[in-house]
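Chemist: Dropping the sequence and predicted coords here.
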Amino acid sequence: MSKLMVNVPLNRVEGDLEIRAEIVDGRVSEAWACGTLYRGFERILVGRAALDGLVITPRICGICTTAHLTAAARALDAIAGTAPPASAVAIRNVALMAEHIQSDLRHTFLMFAADLVNPAYAGEPLFEEAMRRYEPFRGETAIETIRETKKLVELLTIVGGQWPHSSFIVPGGLVSVSSPGDLLQCRLLLRRFRQWYQSRILGCAIERWAEVRSTADLDRWLEESEAHRNGDLGFCLRFMRATGLDQIGRGTGSFLSFGSLDLPGGTAVRAPAGGGQFVPAGFLAPGGGVSEFHEEKVTEHVACSWFQDDEEARHPMRGETRPYATGQESAKYSWAKAPRYEGSPAETGPLAEALIAGNPLFSDLVRGQGPNVLVRQLARLARPAELMPAMETWLSEAAQDPTFYKTPGEITEGEGVGLIHATRGALGHWVRIEQGTISHYQIVTPTAWNASPRDGGGAPGPIEQALAGTPVRDAANPVELGHVVRSFDPCLVCTVHALQRGRSAGRVIVGAL
Amino acid sequence: MKRIVCIGNRYRPEDDAGPRVYSLLRGSALPDGVEAIDGGMSGLDLLASVERAERVVFVDCVSGFGRAGEVLVLDPEEVATAASPRYDHAAGLPYLLRVLPAVCDGPAPEVIIVGIEGRADGAAVAAAAELALKLARGEPVRGGAQ
């Protein structure tokens, strides 16, 4: 028996997530996901004015910035008991969706696909073509992705004034009023982006892609035309199948969505799964059906996290953030807490979103092969096709009614929860206001769910479970582990970024969960 | 148009030099044709601030380039070589500079980088603001450092 411990330097993946994996006879036997830096936003927020979360929490992340703003505003909406006007709901949605799409494509083609041109695949028949598309700094798709996704950032700056770190969403609606001309410009940007996505990524119209409702449909679609095979979705699908990425990265098999994108009053958009949200909330247990989501079933454990607590698990409204670094001598090994739903770890993200909404293609893919790297990444790459038609409708509808704000009154007392499905999955802000001041703030991020350490019962988190059993051909180049981790698109963010001579990252990074 | 793009995190003392330079510039009358931009912590997303400019002066704190408190002019090509081949959420100025010629709408601008070594005191911030203004206007500066 050969036994090897590998430290995977996942600051190559994202910020300050480190993965340790024990490899026995060429296969991962156990893995540990370690968040390496403490941030403490929850403590920063306590004692500040009620609305300060709208300015501070978007700075938790430079990528999921609108997501945090939306969650913060929804928590305050709940405390104020206010319902924003329909146009405000529509524009909030559009902003969040634009953030999802630019992130989904940048992640796929600038981060995930960079592993497809790893030297480990040099012998693959599709390798040369993958290099032409995805080689860092020059691959055709990589460069086009940067050029095209900036249209979405432009859209965000039109409706939000700036991106990232905007504070245009407030309790009661929006503080920026987009004119019909602004919204027309947004529609044009979105239309141009959609044209590129259809021709370059799908190789077909979104309407044709929507007809792909099973694994058999997918295979037929792939064979139907050169355009389908050679669009980047088709190419990635072929490459991932050829390299066995549909065989690794199973995970917990349980999926969670907090729900997102409220349908504005009077909208023509219909939620794919019915109900009042375009992205439904729900929990999918391994091998079971989707059950209704209950916010009170969320808890956080800190048994293996560098936090101190005298209780095994707490609901976030009772949660505490008391840093307690023990070094390596105890069971604690991460600055991430361990969120649990009904006491169990759960995967979240685009695949969870698709499965809980009952998307027939992804349900069939998972039924056939179980969750894996391929299906997780495919869900991310196909998500823009779900979102863009609704975005177009909401931009048109918002242009008809310029009411973007309804005063919520002064927010002085109360508890509220802001839950959404952010780009990477379930995001929640739990907030208590007393005498106009924040007395409690707990944030549970998607990456805390996915990159969670073990809990009080010793259950590993989703990434840790997904890594277990992964074959590693070359421990010196464990590209398989990178695929598994990146398929979750973990986000541990930057707050400090001094240019450093001789450092490849060019930044000092303070990680975040 | 010439732009001075100030980068950094005003909540972190070791990274707040850029935002402080921005505040100083915003508090003074800028010459015609010169614009100051708070670039925050953006990297690739500064692209829109760079496009269609004739010259861009980035102002950022740096580490390992000089003495503490020193204000320097950095070589953009050297900074670009520091880019990680994998874009990530920490991909900052090096990544932007590396891909700029390929992704910029219109001609890529002339790029100049003003670095402030380490934690910046008030004098370093003032010197960096003055240097950035001179460079934006195209005035010669002595030896590339102050």
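Modeler: Arrived safely.
Chemist: Now stretch B:17-33: buried residues?
Modeler: Under the neighbour-count criterion of 16 or more other C-beta atoms under 10 Å in any protein chain shown, stretch B:17-33 has B:17-25 buried. In short, each C-beta sits where N, CA and C put it, glycine included.
Chemist: Can you show me the helices along the stretch 201-350 of chain A?
Modeler: For the stretch 201-350 of chain A, the helices defined by DSSP state H, counting those that start in this stretch cover A:206-209, A:215-224, A:226-230, A:232-242, A:350-356.
Chemist: With respect to chain B, which of these lies nearest?
Modeler: helix A:232-242 (15.9 Å; C-beta to the nearest C-beta).
Chemist: list the helices and strands that closest one packs on?
Modeler: The contact analysis (3 or more C-beta pairs under 8 Å, 6 or more residues apart in numbering or on different chains; DSSP states H and E) places helix A:232-242 against helix A:127-134, helix A:215-224, helix A:226-230, helix A:373-400.
Chemist: let's see 10 Å
Modeler: Secondary-structure packing of helix A:232-242 (3 or more C-beta pairs under 10 Å, 6 or more residues apart in numbering or on different chains; DSSP states H and E): helix A:127-134, helix A:140-160, helix A:215-224, helix A:226-230, helix A:373-400.
Chemist: Just put the ones you listed in CSV and tack on distance to chain B and mean neighbour count.
Modeler: Listed next are the helices and strands packed on helix A:232-242 as CSV, based on distance: least, C-beta to the nearest C-beta, whole Å; neighbours: other C-beta atoms under 10 Å in any protein chain shown:
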stretch, distance to chain B, mean neighbour count
helix A:127-134, 11, 18
helix A:140-160, 5, 22
helix A:215-224, 28, 15
helix A:226-230, 22, 15
helix A:373-400, 15, 23
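Chemist: Take those helices and lay them out in a markdown table including distance to B:Glu77.
Modeler: Below are these laid out as a markdown table (distance: least, C-beta to C-beta, whole Å):
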| stretch | distance to B:Glu77 |
| --- | --- |
| helix A:127-134 | 24 |
| helix A:140-160 | 19 |
| helix A:215-224 | 43 |
| helix A:226-230 | 35 |
| helix A:373-400 | 34 |
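Chemist: which residue of chain B sits farthest from its center?
Modeler: B:Arg86 (22.2 Å; C-alpha atoms, centre = their mean).
Chemist: quick one: which helix or strand includes that one?
Modeler: For B:Arg86, there is no host helix or strand (DSSP states H and E).
Chemist: and the angle for the helix or strand harbouring A:Leu481 with helix A:232-242?
Modeler: According to DSSP H and E, A:Leu481 maps onto helix A:479-486. Taking axes from the mean of the first three to the mean of the last three C-alpha atoms, to 10 degrees, one finds that helix A:479-486 is oriented at 130 degrees with respect to helix A:232-242.
Chemist: what about helix A:479-486, distance to the chain center?
Modeler: Taking C-alpha atoms, centre = their mean, to the nearest Å, one finds helix A:479-486 lying 17 Å from the centre of the chain it belongs to.
Chemist: In terms of secondary structure, what does it contact?
Modeler: strand A:3-8, strand A:17-24, strand A:27-35, helix A:373-400, helix A:462-467.
Chemist: now with 6 Å?
Modeler: helix A:462-467 (3 or more C-beta pairs under 6 Å, 6 or more residues apart in numbering or on different chains; DSSP states H and E).
Chemist: A:Asp77 reaches A:Val170, doesn't it?
Modeler: No: using C-beta atoms under 6 Å, A:Asp77 is not in contact with A:Val170; the gap is 9.1 Å.
Chemist: The helices and strands packed on helix A:232-242: which one's closest to A:Thr82?
Modeler: Closest of the helices and strands packed on helix A:232-242 to A:Thr82 is helix A:373-400, at 18.4 Å (criterion: C-beta to C-beta).
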